[in-house]
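In: After the sequence you'll find the predicted model.
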Amino acid sequence: MTVSLEQLRRCHFAVDLGASRTRVYVKGMGLVVDQPSVAAMNTRTGALIAVGEFAEKMTGRTPDYIRVVKPISGGTVVDIEIAQRMLRHLLGDKIRRSLRRKPRLRAAACAPYDADPLAQRAIIETLVGLGARRVELVDTLIAAAVGCGLPVERPEASMILVCGAAATQVAVLSLGSIVCAERLPVGGEAVDNAIVQHLRHEHELMLPNQSVRPLELALDGNGLTPYGPASTEIHGRDVATGLARSVRVDTAAVRDAIQTPLMSVLDGIGKVLRDCPPDLVADLADRGIMMVGGSALLPGFDQLLREATGMPVHIAERPDVCAVQGIGAMLEGRIEPLVLDPLAA
Ligand SMILES: Nc1ncnc2c1ncn2[C@@H]1O[C@H](COP(=O)(O)OP(=O)(O)OP(=O)(O)O)[C@@H](O)[C@H]1O
Ligand SMILES: [Mg+2]
């Protein structure tokens with residue numbers, strides 16, 4: 001999946017289809033869409049009722065004939081047709097009209113590291129359905145590294161950790177390419193599930209999906225580190241009686257509950273470091289790890305990594321949009337190509 005900067009500069013728009021959010025960058029306009037990858041369908045007529053934020057609010061609150069679907073899951077477009085319809089709505093008429101005016105519409109898209117040919121094909125098909133004549137795929141790891149300003153093109157190692165919703169990707173980059181990388185199928189969703197399971201087992205409480213985020217936020221201010229508040233109150237439904245109930249949750253127990261997904265991320269980092277040439281690991285010891293992706297904001301995650309690896313850990317300024325901003329910068333030609341002097345003989 002190596003595409004030249006020259007090709008990218010000719011693209012008119014770039015898309016990052018994430019399991020949790022869809023983001024679109026249009027050349028000359030910037031980031032125009034950053035919305036949940038959710039669509040609400042009328043199952044009787046097949047009509048699309050809502051997309052994005054509004055559709056997400058409907059989750060779990062719909063009558064029988066409305067179904068809320070996520071066309072992207074685990075970093076792959078699982079329903080190409082709905083993904084296209086969702087994108088069309090998210091873009092809106094005005095932007096679509098301006099894109100349609102381009103004679104040969106070209107698109108770029110982020111693809112997860114290690115995406116299989118089928119997953120790549122699904123991304124391409126989705127964008128072809130939107131009118132793109134040609135689609136360039138860029139590795140999310142490279143796009144995110146560019147987006148958070150890592151000096152990827154230098155002969156020094158940088159380590160990047162892309163913490164998405166469905167997957168976490170970790171890589172060591174040097175000279176503009178991936179030296180070694182790993183993709184782990186755990187992310188923000190696995191952490192949310194761990195919290196839901198914990199409350200169900202320990203407190204017999206069913207937590208609506210939409211309350212997981214407020215719980216994480218309540219734990220903010222280093223809540224997931226040992227120095228945060230000792231407990232927090234949350235509301236849910238009693239598993240046995242079905243009645244609404246609120247409980248005080250011990251934050252230390254929640255912290256333990258989410259250890260399993262976080263530990264597999266640590267294992268992945270360990271594996272990449274073991275595979276990496278020693279010279280690069282020496283660079284990493286002082287440059288540290290850059291965290292991007294929405295789940296990088298999980299309170300206490302950076303601290304955990306710092307303690308486990310002994311390396312400096314930084315969170316990018318806007319971790320959630322790094323990948324799409326990076327690919328956008330490449331579209332706008334703000335990234336200079338790497339010139340490897342061929343040592344003219
Ligand atoms: N402030 C926050 N605290 C904790 N988690 C957060 C926060 N903001 C976002 N997240 C989590 O980040 C995830 C979304 O991150 P992101 O937008 O990078 O995912 P994505 O690109 O859609 O997913 P993927 O790249 O895996 O397909 C969600 O799982 C969400 O729970
Ligand atoms: Mg992503």
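Out: Looks like it arrived, so ask away. Numbers count the residues shown, from 1 in each chain. Ligands and ions are numbered 1, 2, ... in the order given.

In: which element is Tyr25 on?
Out: Using DSSP states H and E, the element containing Tyr25 is strand 21-26.

In: Quick check: what element follows that strand along the chain?
Out: Using DSSP H and E, the helix or strand that follows strand 21-26 in sequence is strand 30-36.

In: shaky segments in the chain?
Out: 1-2, 209-228, 337-345 (pLDDT under 70).

In: Up against ligand 2, what does it have?
Out: Residues of the chain found near ligand 2 (Cβ under 5 Å from the ion) are Gly18, Gly164. From N, CA and C alone the C-beta is placed, and that goes for glycine too.

In: In the chain, which helix is the longest?
Out: Using DSSP state H, we find that the single longest helix of the chain is helix 80-100.

In: Contacts (any at all) between ligand 1 and that helix?
Out: No - using Cβ under 6 Å from any ligand atom, we find that helix 80-100 stays clear of ligand 1, coming within 12.5 Å at best.

In: Tell me the helix or strand right after that helix.
Out: Remark: after helix 80-100, the chain's next helix or strand is strand 106-111, criterion DSSP H and E.

In: Please compute how far the following helix or strand past that next one lies from its chain's middle.
Out: Note on strand 106-111: by DSSP H and E, the next helix or strand toward the C-terminus is helix 117-128. Computed by Cα atoms, centre = their mean, to the nearest Å, the chain-centroid distance of helix 117-128 equals 18 Å.

In: now what about the helix or strand containing Ala181, what contacts it?
Out: Using DSSP H and E, Ala181 maps to strand 177-184. By Cβ atoms under 8 Å, 6 or more residues apart in numbering, the residues outside strand 177-184 that reach it are 2, 112-114, 139, 141-142, 157, 167-173, 264-265, 267-268, 271-272, 275-277, 280.

In: Filter those residues down to the buried ones and hand me the ChimeraX line.
Out: To isolate the buried members of the contacts of strand 177-184 in ChimeraX, using 16 or more other Cβ atoms under 10 Å:
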select :112,113,114,139,141,142,157,167,168,169,170,171,172,173,265,268,272,276,280
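
In: Next, count neighbours for Thr241.
Out: A count of nearby residues for Thr241, using other Cβ atoms under 10 Å, gives 9.

In: before we move on, what about the one 10 residues further on?
Out: For Thr251, the count of nearby residues is 21 (other Cβ under 10 Å).

In: And for the one 3 residues further on?
Out: The number of residues packed around Val254, counting by other Cβ under 10 Å, is 23.

In: Double-check it against Ile195; I have them as touching.
Out: Yes - shown here, Val254 and Ile195 form a contact pair, counting by Cβ atoms under 8 Å, at 6.2 Å.

In: mind listing what whichever residue of the stretch 1-150 of the chain sits closest to ligand 2 touches?
Out: Minimum separation of the stretch 1-150 of the chain from ligand 2 (Cβ to the ion) falls at Gly18, amounting to 3.7 Å. With contact set as Cβ under 8 Å, 6+ apart, Gly18 has these partners: Ser37, Ile72, Gly75, Gly164, Ala165, Ala166.

In: please redo it, this time with the cut-off set to 10 Å
Out: Shown in contact with Gly18 (Cβ atoms under 10 Å, 6 or more residues apart in numbering): 34, 36-37, 72, 75, 110, 112, 140, 164-167, 187, 293-294, 320, 323-324.

In: For it, give its distance to Gln325.
Out: Distance, Gly18 to Gln325, by Cβ to Cβ, to the nearest Å: 14 Å.

In: what's the answer for Pro155, then?
Out: The gap separating Pro155 from Gln325 is 25 Å, by Cβ to Cβ.

In: repeat for Ile258
Out: Distance of Ile258 to Gln325, given as Cβ to Cβ: 28 Å.

In: same check, this time on Ile49
Out: 31 Å.

In: still on that earlier bit, so which of the contacts of Gly18 also contact ligand 1?
Out: Among the contacts of Gly18, ligand 1 is touched by Gly75, Gly164, Ala165, Ala166, Ala167, Gly187, Gly293, Gly294, Asp320 when using Cβ under 6 Å from any ligand atom.

In: What are the contacting residues of the helix or strand containing Leu266?
Out: Using DSSP H and E, Leu266 maps to helix 259-275. Helix 259-275 is contacted from outside by 159, 161, 163, 168-172, 179-194, 224, 255, 280-281, 284, 289, 295, 298, 300-301, 304-305, 308-309, 311, using Cβ under 10 Å, 6+ apart.

In: Who are the packing partners of whichever helix or strand comes after it?
Out: Counting by DSSP H and E, the next helix or strand C-terminal to helix 259-275 is helix 278-287. Helices and strands touching helix 278-287, by 3 or more Cβ pairs under 10 Å, 6 or more residues apart in numbering; DSSP states H and E, are strand 158-163, strand 168-174, helix 259-275.

In: Now do the buried residues in helix 278-287.
Out: In terms of neighbour count (16+ other Cβ under 10 Å), helix 278-287 has its buried residues at Leu280, Val281, Asp283, Leu284, Arg287.
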